[in-house]
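Peer 1: Here's a sequence, model it:
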Amino acid sequence: MTASTFSERVSGILLHPTSLPGPFGIGDLGPAAHRFAEFLGRAGQRYWQMLPVAPPGGGDSPYDSPSAFAGSPLLVSLELLARDGLLDASDLSTPSRLSGAPRALFEASRRYRTKRLKKAFSRFRDRPHGRVELERYAEAEGSWVQDYALFCALKRAHAGAAWTRWAPALARREPQALEAARRDLTHDVEFELFVQYEFSRQWRLLRERCASLGVRLLGDVPMFVAHDASDVWANQRCFQLREDGERRMVAGVPPDYFSEEGQLWGNPLYDWQALRETGFDWWISRLKSMLERFDAVRLDHFIGFHRFWQVPATSRSARDGHFAEAPGEEFFERARVVLGGLPFIAEDLGIMTEGVVRLRDRFELPGMRILGFGFAGDWREYQPHRYPKNCVVYTGTHDNDTAVGWLTAYQRETLVERKRALAAESARALRYAGSDGREPHWDMIRLALSSVANTAIFPIQDLLGQGTEHRMNVPGTASGNWRYRVSAAALTPEIADRMAELCERYERIPAGLRRET
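Peer 2: Here you go, the predicted model:
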């Protein structure tokens, strides 16, 4: 699949698997995921877009993971493990707090699932060829999964301490120390391999089901990785680190309209010169791994492939940073050769320089357009009738308010000037869409579908007409995010059929997938 993937007129839905319904406190890759794929097929959708499916990190964020390659243990379906004989039916009984949870309960679900994953692992090991299967899987996946499994086992052995606080021989990855740790922690290492093995197996089943319905999977690759992550520990030369493994420089963004101090993210920065000397092997291995899991991926913070804001790790303010250049053109040239194509969406939101635009357009990567941005500030430049074909239009992303929340924001605002501006913005959008305000979410969906943009993506909250209390993430807040869940009852055949009808009207259902009328 190449960049020409996005030359078709298609649409899709954004829903993270943790937001799926299910009995264990958080959504996973089990029966509810397969039913959602069927919903998408009925709705005429070509894409199921997800956030990163890696293990969540601080604040349960999927963008702060301890691994850029691993799948989240929280997404491994206990129901599928029971179907395969690795758990008993009695293992699936759940307390009402989990079974009826309207919001994702990360920690409670993690405790519940870990106990059962360990039982499933014990049964798997007792099978005649259990260990052989794990060895084959580990060999096929390469070094990342072995590094990750050992990293997790060592974290557990060190009571969760960051890798920079381990014994120096382990932190520096001296071969004898690593071999001794693998030997001493064999059981824990094999458990982590088992979890990744099951994630991979269940993922393959879901992807095959989606493919049979004409649904492609669209993933998300964060620009930066967490410092306390297996990727950094195992590939220290690729990052700007001190001799003790601590960060020399960290990522962020400069002061702007939204923040007088800028934003200090704290992620370690890449050593692009070291990456260049290896042919960008780590980054390309990462993308290759994602394209084995997804049909296409969104490159988060695409601007970072052209230039990035770097701040000394000792600084307390992003004001102390400066821009540094990244070898974006050289990197994508290499990636295109190795991967055979560039099936990527460039998340090009933010301050766009000529260099970023040139990089995006040279490799014919579709950029993003957020529908709501077209009606605030210098709104005329971003209205749908000005979109290029080679872009992806969203009614919103995981970082935005829902469409209904955005259009009614003025009703919740208390500052008079801000209230007036938001009311004018909402009025412009509704007038532009020819909306009477009774079903504004459907009017925004119709507006995006009717646009010239080849690809249109809608958060599930907008398809369901849900308000601001259902948004996925509020940037700049440290808690309460990523917990949105959709109820099974909300995904009705009527909504799917209404969406399919709109997609047919605006020629976003490929000819081979058209429904009989």
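
Peer 1: Name the residues of the longest helix along the chain that come out as buried.
Peer 2: Determined from DSSP state H, the single longest helix within the chain is helix 186-212. Judged by neighbour count (16 or more other CB atoms under 10 Å), helix 186-212 contains these buried residues: 188-200, 202-203, 206-207, 209-210. For glycine as for every other residue, the C-beta is placed from the backbone atoms N, C-alpha and C.

Peer 1: do stretch 162-177 as well
Peer 2: For stretch 162-177, a neighbour-count test (16+ other CB under 10 Å) marks 163-164, 166, 170-171, 177 as buried.

Peer 1: With stretch 409-420 instead?
Peer 2: For stretch 409-420, burial by neighbour count (16+ other CB under 10 Å) applies to 409-410.

Peer 1: per-residue confidence averaged over that stretch?
Peer 2: Averaged across stretch 409-420, pLDDT comes to 96.

Peer 1: Between the two ends of it, how far is it?
Peer 2: With CA to CA, to the nearest Å as the measure, stretch 409-420 spans 11 Å from end to end.

Peer 1: List the neighbours of that stretch that are in contact with it.
Peer 2: With CB atoms under 8 Å, 6 or more residues apart in numbering as the test, stretch 409-420 has contacts from 401, 422-423, 425-426, 468.

Peer 1: One more: stretch 259-266?
Peer 2: Defining contact as CB under 8 Å, 6+ apart, one finds that stretch 259-266 is touched by 224, 227, 247, 250-256, 309, 311, 315-319, 321, 476.

Peer 1: For PyMOL, write the select line for the buried members of those residues.
Peer 2: Entered in PyMOL, the line below selects the buried ones among those, by 16+ other CB under 10 Å:
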select buried, resi 224+227+247+250+251+252+253+254+309+311+318+321
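
Peer 1: Counting only strands, which of the contacts of stretch 259-266 make the cut?
Peer 2: Among those, the ones falling in strands (DSSP state E) are 250-253, 309, 311.

Peer 1: Pull out the buried residues from stretch 263-275.
Peer 2: 263-272, 275.

Peer 1: Need the CA coordinates for that stretch. CSV is fine.
Peer 2: C-alpha atoms of stretch 263-275 as CSV (Å, rounded to 0.1, in the frame of the first residue of the first chain):
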residue,chain,number,x,y,z
GLN,A,263,5.2,23.4,26.4
LEU,A,264,7.8,21.3,28.0
TRP,A,265,7.1,17.7,27.0
GLY,A,266,10.1,16.0,28.5
ASN,A,267,10.6,13.3,25.9
PRO,A,268,14.2,12.5,25.0
LEU,A,269,15.2,13.8,21.6
TYR,A,270,16.6,11.8,18.8
ASP,A,271,20.3,12.0,17.8
TRP,A,272,19.5,12.3,14.1
GLN,A,273,23.2,12.1,13.1
ALA,A,274,23.6,8.7,14.9
LEU,A,275,20.3,7.6,13.2
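
Peer 1: Going C-terminal from the worst-scoring helix or strand of the chain on mean pLDDT, what's the next secondary structure element?
Peer 2: Every helix and strand of the chain was ranked by mean pLDDT, DSSP states H and E. The lowest is helix 96-99, at a mean of 89. Counting by DSSP states H and E, the next helix or strand C-terminal to helix 96-99 is helix 106-126.

Peer 1: Alpha carbons of that following helix, as CSV, please.
Peer 2: These are the backbone C-alpha positions of helix 106-126, laid out as CSV (Å, rounded to 0.1, in the frame of the first residue of the first chain):
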residue,chain,number,x,y,z
PHE,A,106,-7.4,1.4,33.5
GLU,A,107,-5.9,0.4,36.9
ALA,A,108,-8.8,-1.8,38.0
SER,A,109,-8.8,-3.6,34.7
ARG,A,110,-5.0,-3.9,34.7
ARG,A,111,-5.2,-5.8,38.1
TYR,A,112,-8.1,-8.0,37.0
ARG,A,113,-6.5,-8.9,33.6
THR,A,114,-3.0,-9.4,34.9
LYS,A,115,-4.1,-12.2,37.2
ARG,A,116,-5.9,-14.0,34.4
LEU,A,117,-3.1,-13.5,31.9
LYS,A,118,-0.8,-15.2,34.3
LYS,A,119,-3.1,-18.1,34.6
ALA,A,120,-3.4,-18.3,30.9
PHE,A,121,0.4,-18.2,30.6
SER,A,122,0.7,-21.1,33.0
ARG,A,123,-1.6,-23.2,31.0
PHE,A,124,0.1,-22.2,27.7
ARG,A,125,3.5,-23.3,29.1
ASP,A,126,2.1,-26.7,30.1
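
Peer 1: List the contacts of that helix.
Peer 2: So helix 106-126 is in contact with 24-26, 56, 60, 73-74, 76, 78, 81, 85-87, 91, 94, 97-98, 130-131, 190-191, 194-195, 198, 482-483, going by CB under 8 Å, 6+ apart.

Peer 1: Equivalent analysis for stretch 182-199, please.
Peer 2: Here stretch 182-199 makes contact (CB under 8 Å, 6+ apart) with 29, 70-73, 75-76, 81, 117-118, 120-121, 124-125, 131, 133-134, 137-138, 141, 145-146, 148-150, 152-154, 156-157.

Peer 1: Is it possible to mark the buried ones in these?
Peer 2: Neighbour-count burial within the contacts of stretch 182-199 applies to 29, 70-73, 75-76, 81, 117, 120-121, 124, 133-134, 137-138, 141, 145-146, 148-150, 152-154; the criterion is 16+ other CB under 10 Å.

Peer 1: So which of those belong to helices?
Peer 2: Per DSSP H, helices hold the following members of those: 81, 117, 120-121, 124, 133-134, 137-138, 141, 145-146, 148-150, 152-154.

Peer 1: what's the neighbour count on Arg446?
Peer 2: Using other CB atoms under 10 Å, Arg446 has 17 other residues around it.

Peer 1: which residues touch it?
Peer 2: With CB under 8 Å, 6+ apart, Arg446 has these contacts: 433, 502, 506.

Peer 1: if you set the cut-off to 7 Å instead, what comes out?
Peer 2: With contact taken as CB atoms under 7 Å, 6 or more residues apart in numbering, Arg446 is in contact with Leu502.

Peer 1: Could you check how far it is from Ser435?
Peer 2: Distance, Arg446 to Ser435, by CB to CB, to the nearest Å: 9 Å.

Peer 1: Can you point out the buried residues in the least confident helix or strand of the chain?
Peer 2: Within helix 96-99, the residues that count as buried by 16+ other CB under 10 Å are Leu98.
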